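# Sequence and predicted model, in that order:
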Amino acid sequence: MFPQPATHGTLLDGIREVSEGLTKRHALRPVIVAVTTESEDASFSVYDQVLDALRDSGATLYVFGVGAPVTGQIDRSIVLDRGTENSGGTYEIILAATALSAKLTQLADQLTHQYLVTYARPNSLIPPEHVTVSAAKAGMTARARS
């Protein structure tokens with residue numbers, strides 16, 4: 001999505017609409033990658049609507065912010081922080097646009113070398129409060145959805 005000249009971006013609306021589309025398509029391993037710049041967001045969606053749609057879609061959200069992060073936009077900050085963390089994605093700030101290509105290539109490599117592991121616990125009267133996910137092998141990264 002690209003904003004029209006002399007208008008503001010609508011990142012939150014975009015994430016919500018793409019999430020709803022992925023839900024309708026029943027995507028097997030949905031991923032949303034957003035590249036943002038320092039600009040105001042003129043979205044009509046509020047953070048809880050976006051986070052609910054993202055959660056329902058089962059998509060993993062990856063965000064690359066180019067330039068200094070935008071301050072004073074609470075809904076956008078909450079979605080970028082909680083949305084990436086809760087979905088198992090990442091939020092990275094890239095100071096120079098020249099680094100974007102390398103970061104996107106790195107993400108593509110990560111996505112093509114992932115394994116989906118499903119954990120099921122035995123039935124018990126008192127379920128565990130926390131589940132810890134980690135990688136035993138050096139150089140490996142484990143991410144979990146909450």
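Cool, got the structure. Here the structure is a predicted model, which is why all the values come from computation and not from measurement.
# rest of the way, CA atoms for contacts and neighbours
OK.
# low-scoring stretches of this protein, by residue?
Scanning the chain for pLDDT under 70 picks out 1-8, 70, 144-146.
# can you give me the helices for it?
Applying DSSP state H to the chain gives helices spanning 11-25, 47-57, 74-87, 100-112.
# The shortest one to helix 74-87, inter-axis angle?
Spelled out, that is helix 47-57. 20 degrees (axes from the mean of the first three to the mean of the last three CA atoms, to 10 degrees).
# Helix 47-57 packs against which elements?
Identification of packing neighbours for helix 47-57 by 3 or more CA pairs under 8 Å, 6 or more residues apart in numbering; DSSP states H and E yields helix 11-25, helix 74-87.
# what do you get for the longest one?
For helix 11-25, the helices and strands in contact under the criterion 3+ CA pairs under 8 Å, 6+ apart are strand 31-37, helix 47-57.
# Just the angle for that helix relative to helix 74-87, thanks.
Using the same axes, to 10 degrees: helix 11-25 against helix 74-87 is 40 degrees.
# Can you mark which positions in helix 11-25 are buried?
Using 16 or more other CA atoms under 10 Å as the test for burial, helix 11-25 gives 11-20, 22-23.
# And for the protein, the residue most distant from the center?
Leu125 (33.9 Å; CA atoms, centre = their mean).
# Next one: that one from Val18, what distance?
Counting by CA to CA, to the nearest Å, the separation of Leu125 from Val18 is 39 Å.
# For Ala42, grab the count of nearby residues.
Neighbours of Ala42 under the rule other CA atoms under 10 Å: 14.
# That one reaches Thr10, doesn't it?
Yes - here Ala42 reaches Thr10: they are 5.3 Å apart, a contact under CA atoms under 8 Å.
# With respect to Ala138, which of the helices of the chain lies nearest?
Shortest distance between Ala138 and the helices of the chain, using CA to CA, is found for helix 100-112: 15.8 Å.
# how big is the angle separating the closest one from strand 31-37?
Using the same axes, to 10 degrees, helix 100-112 lies at 170 degrees relative to strand 31-37.
# Can you tell me what sits against helix 100-112?
64, 66, 94 (CA atoms under 8 Å, 6 or more residues apart in numbering).
# Only the C-alpha atoms, please, for that helix, written as CSV.
Extracted C-alpha coordinates of helix 100-112, given in CSV (Å, rounded to 0.1, in the frame of the first residue of the first chain):
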residue,chain,number,x,y,z
LEU,A,100,16.3,-2.5,3.8
SER,A,101,17.2,-4.8,1.0
ALA,A,102,19.6,-6.9,3.2
LYS,A,103,17.0,-7.0,6.0
LEU,A,104,14.2,-8.2,3.7
THR,A,105,16.6,-10.9,2.2
GLN,A,106,17.4,-12.0,5.8
LEU,A,107,13.7,-12.2,6.6
ALA,A,108,13.0,-14.2,3.4
ASP,A,109,15.8,-16.6,4.4
GLN,A,110,14.3,-17.0,7.9
LEU,A,111,10.8,-17.6,6.5
THR,A,112,11.9,-20.3,4.1
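# All good on my end, thank you.
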